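1. Next input, structure requested:
(one chain, ligands or ions: 1)
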Amino acid sequence: MSVEDEASGIICAPPFRHSTIQLAHGGGGRAMRELVDSVFLPAFAGGVPAPRHDSAVLPAAHGRLAFTSDAFVVRPLFFPGGDIGALAVNGTVNDLAMAGALPEYLSASFVLEEGLELATLERVVRSMADAARAAGVTIVTGDTKVVDRGHGDGIFIATSGVGRIEDGVDIAPSKIRPGDAIVVSGDVGRHGVAVLSVREGLGFENALDSDCAELGSLVRALFRAGVVPHCLRDLTRGGLAASLCELALDGGFDFRIDARKVPISAAVQRACEPIGLDPLYAACAGRCILFVPDDELGAALGALAAAGAEPAPIGVVEGVARTRPGRVELETALGASRLLELFYGEQLPRVC
Ligand code: MG
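-> Below you'll find the predicted structure:
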């Protein structure tokens with residue numbers, strides 16, 4: 001079995017544990033979960049399964065803080081609608097926002113490859129400054145390391161972020177309740193297709209822009225409208241399907257999703273079909289799903305739309321499975337139903 005096959009997620013989990021790191025371990029799928037559970041959690045958390053949330057929520061002298069960390073290895077560095085710098089800032093801002101925090105401060109560390117054009121670095125840094133300004137955060141600390149030629153890929157960026165969580169805000173996977181409406185904040189799959197469009201030899205006629213954007217303003221709009229969702233999750237690697245599967249598996253929830261209600265642009269559909277990509281699994285960089293009590297659905301949709309989003313209710317939390325793992329049932333366009341599975345790796349590696 002080749003690495004590419006595993007990274008594509010088409011082939012099921014192999015019946016052995018790898019003795020080397022595979023691309024699939026960075027794909028946000030089952031391979032990555034296995035790595036976290038078998039290597040990181042035993043070392044860092046005494047083997048206690050940590051609640052998988054976009055940020056750690058920590059007690060502070062006054063209230064609570066959200067704290068999160070990310071690394072970015074997207075290839076190529078620039079793609080339609082964004083670049084590694086914008087992705088790094090927005091990705092970290094979004095993880096803070098998904099915990100209901102107001103993102104405040106970021107760190108940014110750079111691993112640069114010897115020989116990188118200074119103009120390339122300056123372009124990425126300007127993009128980070130613009131993204132930080134737009135999201136209302138300040139980059140206050142960081143680090144620079146250089147690896148010798150051939151031992152990096154231009155630029156890798158690691159970011160961390162902190163933000164304050166206001167009293168009364170408690171947004172977490174554990175707060176999801178049966179009957180909650182599941183809403184997606186906009187159309188899915190753009191980021192994966194945008195990166196794919198500029199990968200070597202894979203140019204499309206009409207390049208589509210990534211959805212790369214900060215989500216903090218949407219969360220603030222919800223709060224202003226008096227809506228506090230039970231849970232938020234930004235869609236990144238593995239797209240909508242991976243996020244739903246993760247939440248279902250972690251919390252034992254059963255979700256029912258109507259495929260006909262999931263917004264997918266015609267351009268994403270056109271790009272995915274001929275190469276066998278499933279848009280439900282294609283990466284996003286500026287979309288989230290929301291779990292809201294049914295009686296707050298109208299207010300949530302109104303607040304999101306007023307903030308410039310094009311939200312769509314796509315499903316419901318049916319219940320909590322007690323004797324088996326939670327699952328995501330998809331009603332297809334033809335009226336049939338199938339279960340969404342968490343891929344082993346990613347359809348497309350190195351998208352963020
Ligand atoms: Mg996240």
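2. Only C-alpha atoms from now on, for both contacts and neighbour counts.
-> Fine.
3. Report the rounded mean pLDDT for stretch 40-47.
-> Mean pLDDT, taken over the full extent of stretch 40-47, equals 83.
4. just stretch 242-254 next, same as before
-> Mean predicted confidence for stretch 242-254 is 95.
5. Could I get the contacting residues of Gly81?
-> By CA atoms under 8 Å, 6 or more residues apart in numbering, the residues touching Gly81 are 194, 208-212.
6. near the ion, which of the residues you listed show up?
-> When CA under 5 Å from the ion is applied, no member of the contacts of Gly81 is adjacent to the ion.
7. Report how many residues lie close to Phe110.
-> Neighbourhood size, Phe110 [other CA atoms under 10 Å]: 18.
8. secondary structure class for it?
-> strand (DSSP: H, G, I helix; E, B strand; the rest coil).
9. Can you name the residues bridging to it?
-> Bridge pairing for Phe110 (DSSP bridges) gives the partners Thr144, Ile157.
10. Got the domain ranges for this protein?
-> The record, using automatic domain parsing to delimit domains, assigns the chain the ranges 54-169, 173-340.
11. And for Ile171, the neighbour number?
-> 22.
12. Let me see the ranges of the helices in the stretch 101-250 of the chain.
-> 118-135, 190-198, 216-224, 239-251 (DSSP state H, counting those that start in this stretch).
13. Need those in TSV (columns: mean neighbour count).
-> Below are these laid out as TSV (neighbours: other CA atoms under 10 Å):
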stretch	mean neighbour count
helix 118-135	16
helix 190-198	27
helix 216-224	19
helix 239-251	22
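14. Chain neighbours aside, what residue packs nearest to whichever residue of the stretch 101-250 of the chain sits closest to the ion?
-> Going by CA to the ion, the ion is nearest to Asp234 of the stretch 101-250 of the chain, at 4.9 Å. Using CA to CA, 6 or more residues apart in numbering and skipping residues adjacent in sequence, the residue nearest Asp234 is Cys288, 4.0 Å away.
15. and the angle from whichever strand or helix holds that neighbour to helix 190-198?
-> Taking DSSP states H and E as the criterion, Cys288 maps to strand 287-292. Using axes from the mean of the first three to the mean of the last three CA atoms, to 10 degrees, the direction of strand 287-292 lies 170 degrees away from that of helix 190-198.
16. chain center to the helix or strand following strand 287-292: distance?
-> Later in the chain than strand 287-292, the nearest helix or strand by DSSP H and E is helix 297-306. Offset of helix 297-306 from its chain centre (CA atoms, centre = their mean, to the nearest Å): 22 Å.
17. helices and strands around helix 297-306, which ones?
-> helix 216-224 (3 or more CA pairs under 8 Å, 6 or more residues apart in numbering; DSSP states H and E).
18. who's in contact with the helix it packs on?
-> Under CA under 8 Å, 6+ apart, the answer for helix 216-224 is 93-94, 97-98, 100, 102-103, 135, 228, 300, 303-304, 307, 309.
19. near the ion, from these?
-> Applying CA under 5 Å from the ion to these, none is adjacent to the ion.
20. Output the contacts of Gly81 in a markdown table, with distance to Gly152 appended to each entry.
-> Converted to a markdown table, the contacts of Gly81 look like this (distance: CA to CA, whole Å):
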| residue | distance to Gly152 |
| --- | --- |
| Ala194 | 23 |
| Leu208 | 28 |
| Asp209 | 26 |
| Ser210 | 24 |
| Asp211 | 27 |
| Cys212 | 24 |
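21. any weak-confidence spans in this protein?
-> 1-17, 47-50, 200-206 (pLDDT under 70).
22. mind running it again at 80?
-> 1-17, 46-51, 200-207, 347 (pLDDT under 80).
23. quick one: is the strand holding Cys288 near the ion?
-> No: using CA under 5 Å from the ion, we find that strand 287-292 stays clear of the ion, coming within 8.9 Å at best.
24. Tell me which residues are up against that strand.
-> Against strand 287-292 from outside (CA under 8 Å, 6+ apart): 176, 180-188, 211, 213, 215, 228-235, 240, 300.
25. so it versus helix 216-224, what angle?
-> Using the same axes, to 10 degrees: strand 287-292 against helix 216-224 is 20 degrees.
26. Narrow the contacts of helix 216-224 to just the buried residues.
-> The neighbour count (16 or more other CA atoms under 10 Å) marks 93-94, 97-98, 100, 102-103, 135, 228, 300, 303-304, 309 as buried among those.
27. how about the strands in the chain?
-> All strands of the chain, identified by DSSP state E, fall at 56-59, 64-72, 78-79, 82-83, 101-113, 138-147, 155-165, 181-184, 231-235, 253-258, 287-292, 312-320, 328-331, 337-340.
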